[in-house]
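>>> Pasting the sequence and the predicted coordinates here, then a few questions.
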Amino acid sequence: MAAADAIPADQWKSCPCEGRWSAGELACHLIQVETLIIQNAGKLLQNPPKPRPFSKRFHLPMALVESRLIPRKTPIPLDPALVCEKDKMLAHLREVRQQTRVFLEEKTRGKNLRKYHMPHPFLGTLNLREWFQMIASHQIRHTKQLKEIAAHLPKTVTTLHK
């Protein structure tokens, strides 16, 4: 949220350059990804865990997600209907984050999250504990991206009137 403060509301939907997301599109992506993770985790926890083959227990490290060394295209298409004004989008992101906290507190109690697993499109198969770590790493990755967006947007000049 602090990184979003650096983006003026009137530039929220402005792309810093060709082929790059605007801050609004980035927030949309975060909302969509976190919502999808929670939905899929909820479905997964409704059934007993399935054994995970040994070969699927290894995955790329979360540090790779955070580093942004390897650019990735999301397999989840952006929903343009979700991209709206800055205040509304940040409120929606806070709401999704609260739903994640509630999910973690209520739906995972007494469950061994390491026994439940689902594939990630880039990292490999992650258990649910790792998926929740991925939410944090994904947020770190895109906070860095939001700071880059802020640095590349045109600067506005304001004058002080007495």
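Nice, I can see it.
>>> So which residues of the chain form helices?
Ranges of helices in the chain, per DSSP state H, are 2-5, 23-45, 62-67, 86-106, 128-152.
>>> got the angle between the fourth one and helix 128-152?
Using axes from the mean of the first three to the mean of the last three Cα atoms, to 10 degrees, the interaxial angle of helix 86-106 with respect to helix 128-152 works out to 160 degrees.
>>> In terms of secondary structure, what does helix 86-106 contact?
Where contact means 3 or more Cβ pairs under 8 Å, 6 or more residues apart in numbering; DSSP states H and E, helix 86-106 is packed against helix 23-45, helix 128-152. Every residue, glycine included, has its C-beta placed from N, CA and C.
>>> Relative to I76, which of those helices is closest?
Nearest of these to I76, taken as Cβ to Cβ: helix 23-45 at 5.6 Å.
>>> now the closest one, how far from the chain's geometric center?
7 Å (Cα atoms, centre = their mean, to the nearest Å).
>>> Centre of the chain to the worst-scoring helix or strand of the chain on mean pLDDT, how far?
Among the helices and strands of the chain, helix 62-67 carries the lowest confidence by mean pLDDT, DSSP states H and E, at a mean of 89. What separates the centre of helix 62-67 from the centre of its chain is 13 Å, taken as Cα atoms, centre = their mean.
>>> Sketch out the low-pLDDT regions of the chain for me.
Of all residues in the chain, those with pLDDT under 70 make up the ranges 156-162.
>>> List the contacts of the residue nearest the centre of it.
The chain has L30 as the residue nearest its centroid, 3.3 Å off, counting by Cα atoms, centre = their mean. With contacts defined as Cβ atoms under 8 Å, 6 or more residues apart in numbering, L30 is in contact with L93, V96, H138, Q139, H142.
>>> Top of those by number of neighbours, please.
Most neighbours among the contacts of L30, by other Cβ atoms under 10 Å: H142, with 21 neighbours.
>>> show me what contacts the nearest residue in space to M62 that is not next to it in sequence?
Among residues not flanking M62 along the chain, S137 sits closest, at 4.2 Å (Cβ to Cβ, 6 or more residues apart in numbering). Taking Cβ under 8 Å, 6+ apart as the criterion, S137 is in contact with M62, A63, V65, E66.
>>> burial measure for the second one, as a count.
As a burial measure, A63 scores 10 neighbours (other Cβ under 10 Å).
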